[in-house]
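**Q** how does the following fold in three dimensions:
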Amino acid sequence: MGLEEIIPSIALILILILILPNFIKSNFNKKVFVKNLSIWGVIVIVLMILLYFIT
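**A** Predicted coordinates:
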């Protein structure tokens, strides 16, 4: 695992640490939380499929 894999991983973890508390605070209602989580799940799956076909 080279430096070109470690640095982006650290950056993604730090961004997640910055975003996660506000995401949980704004999604206090369970229905809203499930809706937002499913939207993010679809976005991640679409990105993974696109990256699979690009590389």
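**Q** residue ranges for the helices of this protein, please.
**A** Secondary structure of the chain by DSSP state H: the helices cover 3-26, 30-54.
**Q** mean pLDDT and mean neighbour count added to the ones you listed, as a markdown table?
**A** All C-beta spots, glycine's among them, are computed from the backbone N, C-alpha and C. Output for the helices of the chain, formatted as a markdown table (pLDDT from 0 to 100; neighbours: other CB atoms under 10 Å):
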| stretch | mean pLDDT | mean neighbour count |
| --- | --- | --- |
| helix 3-26 | 87 | 10 |
| helix 30-54 | 90 | 10 |
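**Q** contact partners for residue 4?
**A** Listed by CB atoms under 8 Å, 6 or more residues apart in numbering, residue 4 has no contact partners.
**Q** for it, give its distance to residue 11.
**A** Distance from residue 4 to residue 11, counting by CB to CB, to the nearest Å: 12 Å.
**Q** same question, residue 55
**A** Per CB to CB, residue 55 is found 19 Å from residue 11.
**Q** do the same with residue 44
**A** 17 Å.
**Q** then residue 38?
**A** As judged by CB to CB, residue 38 and residue 11 stand 25 Å apart.
**Q** do the same with residue 49
**A** Using CB to CB, we find residue 49 at a distance of 22 Å from residue 11.
**Q** and residue 43, by the same measure?
**A** Here residue 43 is placed at a distance of 18 Å from residue 11 (CB to CB).
**Q** same check, this time on residue 47
**A** On the measure of CB to CB, residue 47 and residue 11 end up 16 Å apart.
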